[in-house]
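Student: Pasting a predicted model and its sequence here:
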Amino acid sequence: MAQITVLRPDAPDTPAPRLELAPRAELPQRPVIGLVANGKPLARELLEVLADELRQPLQRDVEVQLLEKPNAAFPITAVQADGMAARAHFVITGVGD
């Protein structure tokens, strides 16, 4: 007979390991957020709302660079990815349906 092992991450006897964040460079006064909308319905709108929400915790003016794919079936090109990486301090890509 087969045996099933159930792992419970919320078990009280399983302490979570302490994680340390990787070092981060300080953001400039006007950081650039890159958004890559994948072409699905409402992906752009979702990412724009997220960028607006990030303005508050960053406590500074934020520039947004948007890259839109024509549809979800096509990947961005290496040139587009390199351009976004050169312009943006961080990039968010997402889906929406």
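Tutor: That came through fine.
Student: Return the set of buried residues in the longest helix seen in the chain.
Tutor: Criterion DSSP state H: the longest helix present in the chain is helix 43-58. Going by neighbour count (16 or more other Cβ atoms under 10 Å), the buried part of helix 43-58 is A43, R44, L46, L47, A51. C-beta here means a position set from N, CA and C on the backbone, and glycine is covered the same way.
Student: Closest one of those residues to P28?
Tutor: A51 (16.3 Å; Cβ to Cβ).
Student: Tell me if I'm right that that closest one and G34 touch.
Tutor: No. Counting by Cβ atoms under 8 Å, A51 does not reach G34; the two are 9.5 Å apart.
Student: Give the residues shared as contacts by these two.
Tutor: Among the neighbours of A51, those also in contact with G34 (Cβ atoms under 8 Å, 6 or more residues apart in numbering) are I92.
Student: hey, C-alpha coordinates of stretch 74-92 in PDB?
Tutor: What follows is stretch 74-92, C-alpha atoms only, in PDB (Å, rounded to 0.1, in the frame of the first residue of the first chain):
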ATOM      1  CA  PHE A  74       4.800  36.800 -28.300                       C
ATOM      2  CA  PRO A  75       7.800  37.200 -26.000                       C
ATOM      3  CA  ILE A  76       9.600  40.500 -25.700                       C
ATOM      4  CA  THR A  77      12.700  40.700 -27.800                       C
ATOM      5  CA  ALA A  78      16.200  40.700 -26.300                       C
ATOM      6  CA  VAL A  79      16.600  44.300 -27.500                       C
ATOM      7  CA  GLN A  80      13.400  45.300 -25.600                       C
ATOM      8  CA  ALA A  81      14.500  43.500 -22.500                       C
ATOM      9  CA  ASP A  82      18.000  45.100 -22.600                       C
ATOM     10  CA  GLY A  83      16.400  48.500 -23.200                       C
ATOM     11  CA  MET A  84      14.100  48.100 -20.200                       C
ATOM     12  CA  ALA A  85      16.900  46.900 -18.000                       C
ATOM     13  CA  ALA A  86      19.000  49.900 -18.900                       C
ATOM     14  CA  ARG A  87      16.200  52.400 -18.200                       C
ATOM     15  CA  ALA A  88      14.400  51.000 -15.200                       C
ATOM     16  CA  HIS A  89      15.500  50.600 -11.600                       C
ATOM     17  CA  PHE A  90      13.100  47.700 -11.300                       C
ATOM     18  CA  VAL A  91      10.700  46.000 -13.600                       C
ATOM     19  CA  ILE A  92       7.300  44.500 -12.900                       C
END
